[in-house]
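Peer 1: Pasting the sequence and the predicted coordinates here, then a few questions.
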Amino acid sequence: MDDGLDGPGAVRGAFDDIRDALRRHGRAADPAGPAVLVQPQRTGGTELLVGVVRDPAWGLTLAVGLGGVRVEVLADSALRLLPVTGAGARSALSELRGARLLDGARGTEPADLDAVADTVVRVTGLARSLGPRLESVEINPLLVAGGRVEALDALITWD
């Protein structure tokens, strides 16, 4: 089975199939159908985790690490107290045991570490701007493929 959808017609067909299945099972509350977010499927690159949590003792704290399932399996992360500069973000990334994955391991395209660091700094800026009720911001995975840096999934939690 091919997981990719090739073109707008295939996306519309997949949406129609899902909508019809939901209706058959009584799960579509809106007569027009469920709200749907369509996103591109991404492959390749390196997945990172970028998160900011509010620690009761330390305040807002950044965690960067290998993302996806690797964050749980390898427990490979680096921590920084906010605020974080681009140099601080690059330093945290360089501390990861898996940092070589960002260097273009096994012929893959090396990550643009300046673009990654800039993204990390922007995430920390967002967290700082959200106010004292913010509990955490997490992007996992943050997909890095050369100069392309994309948040594929994000979660914000509030106190």
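Peer 2: Nice, thanks for sending it over.
Peer 1: any weak-confidence spans in the protein?
Peer 2: Scanning the chain with the threshold set as pLDDT under 70 gives 1-3, 27-35.
Peer 1: strand partners of the longest strand that it contains, parallel vs antiparallel please.
Peer 2: Secondary structure of the chain per DSSP state E: the longest strand is strand 134-145. Using DSSP bridges, the strands paired with strand 134-145 are strand 46-55 (antiparallel), strand 148-151 (antiparallel), strand 154-158 (antiparallel).
Peer 1: Which residue ranges of the protein form helices?
Peer 2: 8-24, 70-74, 86-94, 113-129 (DSSP state H).
Peer 1: From the rest of the structure, what touches the shortest one?
Peer 2: Outside of helix 70-74, the residues that reach it under the criterion Cβ atoms under 8 Å, 6 or more residues apart in numbering are Glu47, Leu49, Gly65, Leu66, Asp76, Ser77, Arg97, Gly98, Asn140. The way it works is simple: take the backbone N, C-alpha and C, and place the C-beta from them, glycine included.
Peer 1: which non-adjacent residue is nearest the last one?
Peer 2: Distance criterion Cβ to Cβ, 6 or more residues apart in numbering; nearest residue to Asn140, sequence neighbours excluded, is Leu49 at 4.3 Å.
Peer 1: so who does that neighbour touch?
Peer 2: Neighbouring residues of Leu49 by Cβ under 8 Å, 6+ apart: Ala63, Val64, Gly65, Leu66, Gly67, Val71, Ser77, Glu138, Ile139, Asn140, Pro141, Leu142.
Peer 1: how near is Ala63 to Pro132?
Peer 2: Ala63 sits 20 Å away from Pro132 when distances are taken as Cβ to Cβ, to the nearest Å.
Peer 1: Between those two, point out the one with more neighbours.
Peer 2: Relative neighbour count places Ala63 above the other of Ala63 and Pro132, with 17 against 6, counting by other Cβ atoms under 10 Å.
Peer 1: wait, that one sits on Gly51?
Peer 2: Yes: in this structure Ala63 lies within contact range of Gly51 using Cβ atoms under 8 Å: 4.7 Å.
Peer 1: and Pro141, what does it touch?
Peer 2: Applying Cβ under 8 Å, 6+ apart, we find Pro141 in contact with Glu47, Leu48, Leu49, Gly67, Gly68, Leu152, Asp153.
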